[in-house]
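S.K.: Below is the structure, and that's it, no one-letter string:
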């Protein structure tokens, strides 16, 4: 499916994003939201039937790929949720988006992730560290990681994916003491006055 400029619209990614962090969401809710997002991509409003067609095809592909599962409740209403594989794919898209669409200008704030994950689920802790490195975070201390650009959505997806919501804290901070090495690492302006 292409927008008005002939560029491909990632319908599957849009649907995964609409399902997002919700445990179980009605398919009747997803389709209209997906159509609204398609309109933001410049897909003509008058072609609603075509939009629905592409959304239906994308649903089938996502289900066949094992990224979502569709559940029919006793009342006949259909719901869907992300599978573990779907959560990983959505997180991958989020990471790719972060890396591809970094702001051209730094807002002078740091994003800090702090975690305290029990030893019994250390595999989640290891996955978290590995993914933070992939995001481009820098380790400030053992369980304190820093990044200069907004990424709350990606961190929320990561929390959900690894099932460690309560163990992870995301903060936006105005300054970090003696941050010249961080500025150098992230290729940021050397002083606040140049931001």
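M.R.: Structure received. Note that this is a predicted model, so its numbers are computed, not measured.

S.K.: Could you check how far residue 162 is from residue 186?
M.R.: 25 Å (Cβ to Cβ, to the nearest Å). Any C-beta I mention is one placed from the backbone N, CA and C, and that applies to glycine too.

S.K.: Of those two, give the one with the bigger neighbour count.
M.R.: Between residue 162 and residue 186, counting by other Cβ atoms under 10 Å, residue 162 is the more crowded of the two (22 against 17).

S.K.: Wait, the more buried one touches residue 127, no?
M.R.: Yes. Residue 162 lies in contact with residue 127 (Cβ atoms under 8 Å); the separation is 5.6 Å.

S.K.: and residue 103, which of the three is it?
M.R.: Following DSSP: H, G, I helix; E, B strand; the rest coil, residue 103 is assigned to coil.

S.K.: where does the residue nearest to it when sequence neighbours are not counted land in three-state SS?
M.R.: In space, and not counting its chain neighbours, residue 103 is closest to residue 149: 5.7 Å by Cβ to Cβ, 6 or more residues apart in numbering. Classification of residue 149 by three-state DSSP places it in coil.

S.K.: Likewise for residue 171?
M.R.: Once three-state DSSP is applied, residue 171 turns out strand.

S.K.: Repeat that for residue 114.
M.R.: Reducing the assignment at residue 114 to three states with three-state DSSP gives strand.

S.K.: what's residue 185 in contact with, if anything?
M.R.: By Cβ atoms under 8 Å, 6 or more residues apart in numbering, the contact set of residue 185 is residue 138.

S.K.: phi, psi of it?
M.R.: Torsion angles at residue 185 (phi, psi; degrees, to the nearest 10) stand at phi -60, psi -40.

S.K.: Kindly report the same for residue 106.
M.R.: phi -80, psi 140.

S.K.: Surely it and residue 150 touch.
M.R.: No. Contact status for residue 106 versus residue 150: not in contact, 10.7 Å apart, counting by Cβ under 8 Å.

S.K.: which of these two has more neighbours?
M.R.: The residue with more neighbours, out of residue 106 and residue 150, is residue 106; 17 against 14, by other Cβ under 10 Å.
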